[in-house]
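1. Provide a 3D model corresponding to the input given below.
(chains A and B)
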Number of protein chains: 2
Amino acid sequence: MTAEHSAEHPGGLPAGPPVALTIAGSDSGGGAGLQADLRTFTACGVHGCVAVTAVTVQNSVGVTAVVEVPPSTVAEQIRAVVTDIGVAAAKTGMLASASIMCAVAEVCDELGIGRDRVVPLVVDPVAASMHGNPLLAEGALALLRSELLPRATLLTPNLDEVRLLVGLDVGSPAEQYEAARALHAWGPRWVLVKGGHLQDSAHDVLYDGREFTVFTGPRLAVPHTHGSGDTLAAAITAALARGAAVPDAVSYGKRYIAQAIAHAYPLGAGVGPVSPFWRLRPD
Amino acid sequence: MTAEHSAEHPGGLPAGPPVALTIAGSDSGGGAGLQADLRTFTACGVHGCVAVTAVTVQNSVGVTAVVEVPPSTVAEQIRAVVTDIGVAAAKTGMLASASIMCAVAEVCDELGIGRDRVVPLVVDPVAASMHGNPLLAEGALALLRSELLPRATLLTPNLDEVRLLVGLDVGSPAEQYEAARALHAWGPRWVLVKGGHLQDSAHDVLYDGREFTVFTGPRLAVPHTHGSGDTLAAAITAALARGAAVPDAVSYGKRYIAQAIAHAYPLGAGVGPVSPFWRLRPD
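-> Predicted coordinates:
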């Protein structure tokens, strides 16, 4: 994949880059949420559009406040972007509440976003911040399962989210396969169960209902991993926007996140973020 | 300036990049607002933090809705970021309402952000979208003048904003000097009056109360300039965060925006955005 424009307009102007949409919350600290998505899209050469679901007051230590955006405004942002600009792939992050989740599900159906539709949808089932602060209202979890999972082209849970969604406490790589099966039964086209800290290498399992594909990457002993889940899902979404098939997009995302983690940096008193800066040309 | 980390931590981890904060609204279309700021900060190798002031429903054609964030939440985002992460420079974009403006002025004083304080503040006096949609509530303009201008390290108005702020209808380069004087009298340390379409070259006038410095850049005949004001102010802010003096930061910003405009791309039915993608390494 290349960051160059892919075609020329008849008038000589370059055609635009691929476009991806994130439906996510704002992290004021800039390391996660829509900020992680936007900087990842940018670093992948993809134009990022944003439907803001919530504004969090957040830094490297935790989340101290969440203000939700009205569900109708979330839907309107998506509609304004898709009907005018058009998007080639979409991603959900923090959906905050049951009513936002329903509004997103409805507008995705209306606009052809999701599993077996024109625009693939990556669902990163965000339920809590890495500090354990809740990012999903109580009662919204059941709706995440029943409304979002069946609409997902790709679901990207970590092991905490696996536990919340299907009650499985994955303690071994073998149990990742079981988790992938249980999650796939809820309807996503593909499931990527991220192995996290299970073993020495980052061992993620992709499942489409028939075959398992294992992606391994270096497991780097860095303390700064804020936004790594968002960044991986955003890089996968960027690759989908560029036209990649799901397994190739996951492979691209894994390569991207390995570099981003390798270049992570400290920030504030707590956990610093993974970095997009390795993608820049020297000045 | 370089995107590399500037120092090594004692433990061997790289020190973080410089940090800049934008206090701005969200543009769902991704070309302006906090999105333009974040992608510019990223492309300049600077970590971007964000205090969201408002969520707009916006695409390439215009703005159809604005939802404001509570003023106390705007202030809390700034406080959370500055007290934990620390910021080396800050920038204001869309401030939406009089009460948000007062909250921002107060928290900037509390945290040492602004003219003659530790953290320089770039005030981009956003009053309307490029389509003419208002981004500032009625009555807030007087407060922008009385509360924000005196706190600005650098004020970056375009000619429409000059007209709104000091009632001058600049029609010639000579009148830019007069506008700079009139704006400087309101208290900003530096004023950059952007010449826009006045003549064949982009002719911007920087004034510190004593000397005028003129910055000229190529005037490119591209139709896609969405987010160019935000992007210039963000690139200047990024350079300030890296330690540049104001004239050098403006010079850096002008070089950055010339490239971003040269690489602007179409998007949607209306006006496309300026581009950060020329800063990426080839894949």
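
2. For A:Lys254, give me the pLDDT.
-> Per-residue pLDDT puts A:Lys254 at 96.

3. same thing with A:Val107?
-> 98.

4. wouldn't A:Phe277 be in contact with B:Pro17 here?
-> Yes: under the criterion of Cβ atoms under 8 Å, A:Phe277 makes contact with B:Pro17 at 6.4 Å. Using the backbone N, CA and C atoms, a C-beta is placed for each residue, glycine as well.

5. Could you check the longest helix anywhere in chain A and say which residues are buried?
-> As assigned by DSSP state H, the longest helix anywhere in chain A is helix A:246-262. Within helix A:246-262, the residues that count as buried by 16 or more other Cβ atoms under 10 Å in any protein chain shown are A:Val246, A:Ala249, A:Val250, A:Ser251, A:Tyr252, A:Gly253, A:Lys254, A:Tyr256, A:Ile257, A:Ala258, A:Ala260, A:Ile261.

6. tell me the mean pLDDT for stretch A:93-104?
-> On average, stretch A:93-104 scores 96.

7. hang on, I meant stretch A:127-140
-> For stretch A:127-140, the per-residue pLDDT averages 81.

8. C-alpha coordinates for it, PDB please?
-> Coordinates of each C-alpha in stretch A:127-140 appear next as PDB, following Å, rounded to 0.1, in the frame of the first residue of the first chain:
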ATOM      1  CA  ALA A 127     -16.300  -1.400  27.400                       C
ATOM      2  CA  ALA A 128     -13.700   0.200  29.700                       C
ATOM      3  CA  SER A 129     -10.600   2.300  29.600                       C
ATOM      4  CA  MET A 130      -7.300   0.600  30.100                       C
ATOM      5  CA  HIS A 131      -7.400   2.000  33.700                       C
ATOM      6  CA  GLY A 132     -10.700   0.100  34.300                       C
ATOM      7  CA  ASN A 133     -12.900   3.200  34.000                       C
ATOM      8  CA  PRO A 134     -16.300   2.200  32.400                       C
ATOM      9  CA  LEU A 135     -16.900   3.600  28.900                       C
ATOM     10  CA  LEU A 136     -20.200   1.900  28.400                       C
ATOM     11  CA  ALA A 137     -23.300   2.500  30.500                       C
ATOM     12  CA  GLU A 138     -24.700  -0.400  32.400                       C
ATOM     13  CA  GLY A 139     -27.300  -2.300  30.400                       C
ATOM     14  CA  ALA A 140     -25.600  -1.300  27.100                       C
END
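
9. Mind listing what's buried along that stretch?
-> Buried residues in stretch A:127-140 (16+ other Cβ under 10 Å): A:Ala127, A:Ser129, A:Met130, A:Leu135, A:Leu136, A:Ala137, A:Ala140.

10. How much space separates the third one from chain B?
-> To chain B, A:Met130 is 15 Å away according to Cβ to the nearest Cβ, to the nearest Å.

11. OK, contacts around that residue?
-> By Cβ atoms under 8 Å, 6 or more residues apart in numbering or on different chains, the contact set of A:Met130 is A:Ala32, A:Thr225, A:His226, A:Val271.

12. Poorly predicted segments of the stretch 51-200 of chain A, please.
-> Scanning the stretch 51-200 of chain A with the threshold set as pLDDT under 70 gives A:197, A:199-200.

13. all helices for it, in order.
-> In the stretch 51-200 of chain A, the helices defined using DSSP state H, counting those that start in this stretch lie at A:71-84, A:98-111, A:140-143, A:159-166, A:173-184.

14. Compute the inter-axis angle for the fourth one and helix A:173-184.
-> This means helix A:159-166. Orientation of helix A:159-166 against helix A:173-184 (axes from the mean of the first three to the mean of the last three Cα atoms, to 10 degrees) gives an angle of 40 degrees.

15. What pairs with the strand ranked longest in chain A, parallel or antiparallel?
-> Across chain A, the longest stretch assigned as strand under DSSP state E is strand A:47-58. Pairing partners of strand A:47-58, with direction, according to DSSP bridges: strand A:19-27 (parallel), strand A:63-68 (antiparallel).

16. What lies in contact with the shortest one?
-> Contacts of strand A:63-68 from elsewhere in the structure, counted by Cβ under 8 Å, 6+ apart, are A:25, A:53-58, A:96-97, A:100, A:129, A:131, A:133, A:135, B:69-70, B:73, B:76, B:80.

17. thinking again about what came up before, from the buried residues of helix A:246-262, pick the one nearest chain B.
-> Using Cβ to the nearest Cβ, A:Tyr252 comes nearest to chain B of the buried residues of helix A:246-262, at 9.5 Å.

18. Could I get the pLDDT score of the closest residue to the closest one other than its chain neighbours?
-> Once flanking residues are discounted, A:Tyr252 sits nearest to A:Ala239: 4.1 Å by Cβ to Cβ, 6 or more residues apart in numbering or on different chains. pLDDT for A:Ala239: 98.

19. my guess is A:Ala239 contacts A:Ala245, does it?
-> No: between A:Ala239 and A:Ala245 there is no contact under Cβ under 8 Å: 9.2 Å.

20. what about A:Cys44, distance to A:Ala249?
-> 11 Å (Cβ to Cβ, to the nearest Å).

21. Sorry, slip of the keys, the one I care about is A:Ala264.
-> Distance, A:Ala264 to A:Ala249, using Cβ to Cβ: 22 Å.

22. what are the ranges of the strands in the stretch 101-250 of chain A?
-> Secondary structure of the stretch 101-250 of chain A by DSSP state E, counting those that start in this stretch: the strands cover A:121-123, A:154-155, A:190-193, A:202-207, A:212-217.

23. Format the ones you listed as JSON lines; extra columns: distance to chain B and mean neighbour count.
-> Listed next are the strands of the stretch 101-250 of chain A as JSON lines, based on distance: least, Cβ to the nearest Cβ, whole Å; neighbours: other Cβ atoms under 10 Å in any protein chain shown:
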{"stretch": "strand A:121-123", "distance to chain B": "17", "mean neighbour count": "28"}
{"stretch": "strand A:154-155", "distance to chain B": "22", "mean neighbour count": "28"}
{"stretch": "strand A:190-193", "distance to chain B": "22", "mean neighbour count": "28"}
{"stretch": "strand A:202-207", "distance to chain B": "19", "mean neighbour count": "21"}
{"stretch": "strand A:212-217", "distance to chain B": "18", "mean neighbour count": "15"}
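
24. residues near the closest residue in space to A:Asp116 that isn't next to it in sequence, how many?
-> Take A:Asp116 and drop its neighbours on the chain: the residue closest to it by Cβ to Cβ, 6+ apart is A:Arg189, 7.1 Å away. Each residue near A:Arg189 was counted by other Cβ atoms under 10 Å in any protein chain shown, and the total is 19.

25. what do you get for A:Arg281?
-> Number of residues near A:Arg281 (other Cβ under 10 Å) recorded here: 11.

26. could you measure the nearest residue to it once chain neighbours are set aside against B:Asn158, distance?
-> Setting aside the residues directly before and after it, A:Arg281 is nearest to B:Arg281 in space (Cβ to Cβ, 6+ apart), at 5.3 Å. In this view, B:Arg281 and B:Asn158 are 33 Å apart by Cβ to Cβ.

27. Give the residue from A:Ala239 and A:Ala245 that has the larger number of neighbours.
-> Neighbour tally, A:Ala239 and A:Ala245, criterion other Cβ under 10 Å: the higher count belongs to A:Ala239, 26 against 11.

28. what about the residue most central in space within chain A, distance to B:Glu68?
-> Centroid-nearest residue in chain A, with Cα atoms, centre = their mean: A:Ala233, separated by 3.2 Å. For A:Ala233, the distance to B:Glu68 equals 29 Å [Cβ to Cβ].

29. so which of the helices of the stretch 51-200 of chain A comes closest to chain B?
-> helix A:71-84 (3.8 Å).

30. what's the angle between the closest one and strand B:47-58?
-> Going by the same axes, to 10 degrees, helix A:71-84 makes 80 degrees with strand B:47-58.

31. Any chance you could list what contacts helix A:71-84?
-> Residues from elsewhere that reach helix A:71-84 (Cβ under 8 Å, 6+ apart): A:21, A:23, A:49-53, A:87, A:97, A:99-100, A:102-104, A:106-108, A:110-111, A:113, A:119, B:28-30, B:55, B:57-61, B:64-65, B:67, B:268-270.
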